[in-house]
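Trainee: Whatever this is, show me its structure:
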Amino acid sequence: MKESVIEANNIKLYTEGYGNIGNPAILLIAGATVSMLYWDENFCQRLANNGFFVIRYDNRDVGKSTYYEPGSTPYDIVDLTDDAITILDGYQIETAHLVGMSLGGLIAQIAAIKYPDWVKSLTLLSTGPWGDSEPNIPPMDSRIIDFHNKSGTVDWTHEDSVVQYLVEGAALMSGRKQFDQKRSEKLIRAEFNRANNYLSMFNHAALQGGETYYNRLEEIKQPTLIIHGTDDLIWHFKHTGVLLDKIKDATLIQLDGTGHELHFEDWDTIIAGISKHVKDNN
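Mentor: Numbering: from 1, shown residues only. I've put the predicted structure just below:
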């Protein structure tokens with residue numbers, strides 16, 4: 001593993017690379033409010049061991065990358081997309097395979113449209129379309145909304161208070177698979193203690209922009225792998241049908257009983273799926 005800070009346009013993006021930089025590149029794009037730590041180091045290394053150069057990084061406002069005062073979001077989703085390409089350019093990588101989860105999946109879709117020559121393939125995890133979905137698909141589960149409504153009761157300066165609250169949220173998103181509380185707590189504590197400004201992560205909630213690229217999924221020509229849990233409470237599993245319909249060259253790996261998460265029990269399936277997808281389309 002090698003650390004590297006990519007600087008451009010007065011922005012600092014903290015990254016880590018795994019494997020041989022001469023191998024096909026995979027850029028991992030995390031979801032909202034979480035840093036690159038969401039992509040577990042062992043997950044990254046196992047993926048790299050299959051013959052890839054794997055990069056994980058902190059989006060703006062999380063981890064060690066550039067952050068802004070809580071309550072301000074002076075950037076939009078296209079800026080985050082540009083950041084992803086800036087990282088590839090910083091590593092002198094001309095083309096890469098993008099793997100995006102949740103918000104990261106939306107960023108990956110925009111990148112495929114805006115920067116088609118940079119993107120060789122897409123893997124979309126636990127996400128939906130950057131465009132209109134079917135009106136009959138259930139929205140985000142009300143239990144998630146109820147959980148977020150309790151955030152005002154948390155002492156966000158106190159590590160144990162934060163951990164107690166966010167572990168509850170992680171359990172809620174874990175679907176029907178066994179929830180690993182110790183693994184979840186370890187991640188939350190690491191995020192809390194590593195962040196330049198932990199509360200800045202909530203700036204992602206006000207993220208806007210990207211209208212120029214909305215409802216243009218038919219333009220995505222890159223081979224696309226969709227990986228989605230059947231018990232996802234944030235992006236309902238039925239969104240996969242829209243992605244499969246709109247993106248011409250798309251296939252699906254269904255994770256039975258999995259929620260909105262990168263569950264340890266699914267690592268073998270996910271790593272094998274991504275590895276085959278990348279090798280077939282490199």
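Trainee: Just the strands from this structure, written as ranges.
Mentor: Secondary structure of the chain (DSSP state E): strands located at 2-8, 11-18, 25-29, 53-57, 96-101, 119-125, 224-229, 250-255.
Trainee: which stretch among these comes nearest residue 142?
Mentor: strand 224-229 (18.5 Å; Cβ to Cβ). For the C-beta atoms, the positions are set from N, CA and C on the backbone; glycine is no exception.
Trainee: picking that back up, need the strands of the chain in TSV with mean pLDDT, mean neighbour count and distance to residue 78, can you?
Mentor: Converted to TSV, the strands of the chain look like this (pLDDT from 0 to 100; neighbours: other Cβ atoms under 10 Å; distance: least, Cβ to Cβ, whole Å):
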stretch	mean pLDDT	mean neighbour count	distance to residue 78
strand 2-8	96	13	15
strand 11-18	98	20	14
strand 25-29	99	26	14
strand 53-57	98	26	17
strand 96-101	98	27	14
strand 119-125	98	26	15
strand 224-229	98	25	20
strand 250-255	98	17	23
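Trainee: and residue 211, how far is that from residue 275?
Mentor: 35 Å (Cβ to Cβ, to the nearest Å).
Trainee: Out of the strands of the chain, which gets nearest to residue 195?
Mentor: Nearest of the strands of the chain (Cβ to Cβ): strand 11-18, 10.8 Å.
Trainee: That closest one: how far from the chain's middle?
Mentor: 15 Å (Cα atoms, centre = their mean, to the nearest Å).
Trainee: partners of it in the sheet?
Mentor: strand 2-8 (antiparallel), strand 53-57 (antiparallel) (DSSP bridges).
Trainee: Contacts made by it with the rest, please.
Mentor: The contact list for strand 11-18, computed with Cβ atoms under 8 Å, 6 or more residues apart in numbering, reads 1-7, 36, 44-45, 47-48, 53-58, 60, 63-66, 83, 86-87, 90-91.
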